[in-house]
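J.: need a structure here:
(one chain, ligands or ions: 1)
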Amino acid sequence: MTERAAASLFRKRLDEAAAATESMLDALLSPHPLAGEVERPARLLEAMRYASLGGGKRLRPFLMIETARLFGVEGEGVLRAACALEMVHCYSLVHDDLPAMDDDDLRRGRPTVHKAFDEATAILAGDGLLTCAFDVLADPATHADPAVRADLVLGLARGAGLGGMVGGQALDLEAEKKTEPHAPPFVMTMQAMKTGALLLHAIDAGARIGGANAGQRAALDRYGRALGACFQVADDILDAEGDEAALGKRAGKDAGRNKATLVAALGLEAARTRRDTLAIEAIEALTAGDFGARADVLAEAARFTAARRS
Ligand code: GRG
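T.: Numbers count the residues shown, from 1 in each chain. This is a model prediction of the structure:
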């Protein structure tokens, strides 16, 4: 496949994954209580829907869906697991935007949840999405095999929790209070946790659902780690370049706050070189995994991650 054809297939598949994610999230966040629930309070549900519907690139669901597709697996199960991951991602954005954290007014081109509702509702909407994600994964509709469901729960918990995203966010906030410059290895570790861990889960879970063998999982693990690191350094660069209209959120907020970014730690040019090298590393990992042309869309996702403007 030519690079141009791969780019157009990538765009088509990303749009399809986004549409499927949107309609599954809509169904999962319905007003009807499930077995064991009493009722679903309307305002809280509205905030959870506001936080998760109608926006976002849906890159994480796309990555999980496409990784499972490498092994010929598609359908409702992987889509549910992808939505569970997107719920955790959306919760993290809601909490990250709170005044106690990044204090942002704009997200995905709209007022943040605590601005559109109120702070307490935003905290609870995040909590509700996080809990709902594990409900979705534990449900037999996600996978017939309880061992696969347990692996998915464990993988998401490890990626999202103390040693993953939440831990990375804590390191990021602590780093902001320091006055000395941040060493590149610290920034890379923090970013692998804060952002990389959930992106890696997308790939790992797709491989698990797809039934990848050990060699294939190792190659996809390398792809996922390089892609996650590439995504975050690209984010650092986009913030420094500061195109708020394209980003749909405040830009230029890292500079002057001693934020632990790779632009601050390495300089803009070196950060750009690292971003592009990581995209190449991700693509090489797919080549080593011997997936052939089936992996073209994932290779294109790495190019997109490095070149993205939002
Ligand atoms: C609050 C527990 C907790 C964690 C927050 C995700 C996160 C950790 C912070 C968000 C801050 C941020 C902008 C991080 C950079 C990477 C990132 C997650 C960007 C947003 O992801 P995209 O670009 O967003 O995939 P969309 O809107 O497309 O889904």
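J.: any regions of this protein where pLDDT drops low?
T.: Low-confidence regions of the chain, defined here as pLDDT under 70, cover residues 243-255.
J.: how about the residues of it near the ligand?
T.: With CB under 6 Å from any ligand atom as the criterion, the chain comes near the ligand at residues 56-57, 59, 92-93, 95-96, 101, 108, 165-166, 169, 194-195, 232, 235. For every residue, glycine as well, the C-beta is placed using N, CA and C.
J.: mind giving me the PyMOL command for buried ones among those?
T.: Selecting just the buried residues from the residues of the chain next to the ligand in PyMOL takes one command, with 16 or more other CB atoms under 10 Å as the test:
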select buried, resi 56+59+92+93+95+96+108+165+166+169+194+195+232+235
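J.: quick check, distance from stretch 106-115 to the centre of its chain.
T.: Distance, stretch centre to chain centre, for stretch 106-115: 18 Å (CA atoms, centre = their mean, to the nearest Å).
J.: repeat for stretch 264-276
T.: With CA atoms, centre = their mean as the basis, the distance from the averaged C-alpha position of stretch 264-276 to the chain average is 22 Å.
J.: stretch 15-25 now?
T.: Mean C-alpha position of stretch 15-25 versus that of the full chain (CA atoms, centre = their mean) differs by 15 Å.
J.: please save the CA atoms from it in CSV.
T.: As requested, C-alpha coordinates have been extracted for stretch 15-25 and formatted as CSV (Å, rounded to 0.1, in the frame of the first residue of the first chain):
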residue,chain,number,x,y,z
ASP,A,15,-13.7,8.0,11.7
GLU,A,16,-15.5,4.6,11.8
ALA,A,17,-14.0,3.9,15.3
ALA,A,18,-15.1,7.3,16.5
ALA,A,19,-18.6,6.8,15.3
ALA,A,20,-18.8,3.3,16.8
THR,A,21,-17.4,4.5,20.1
GLU,A,22,-19.9,7.4,20.2
SER,A,23,-22.9,5.1,19.7
MET,A,24,-21.7,2.5,22.1
LEU,A,25,-21.0,5.1,24.8
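J.: what's that stretch in contact with?
T.: The contact list for stretch 15-25, computed with CB atoms under 8 Å, 6 or more residues apart in numbering, reads 52-54, 56-58, 61-62, 65-66, 76, 79-80, 82-83, 86-87.
J.: buried subset of these?
T.: Buried members of the contacts of stretch 15-25, counted by 16+ other CB under 10 Å: 52, 56, 58, 61-62, 65-66, 79-80, 82-83, 86-87.
J.: the residues you listed in helices, which ones?
T.: Among these, DSSP state H puts 52, 61-62, 65-66, 79-80, 82-83, 86-87 in helices.
J.: of the residues you listed, closest to E3?
T.: E3 has its nearest neighbour among these in E66, at 17.2 Å by CB to CB.
J.: residues in contact with that closest one?
T.: In this structure, E66 makes contact with 13, 17, 206, 297-298, 301, judged by CB under 8 Å, 6+ apart.
J.: which single residue in the stretch 201-310 of the chain comes nearest to the ligand?
T.: Residue of the stretch 201-310 of the chain nearest the ligand, by CB to the nearest ligand atom: D235 (4.4 Å).
J.: which non-adjacent residue is nearest that residue?
T.: If you skip the residues right next to it in sequence, D235 has T195 as its closest partner in space, 7.2 Å away by CB to CB, 6 or more residues apart in numbering.
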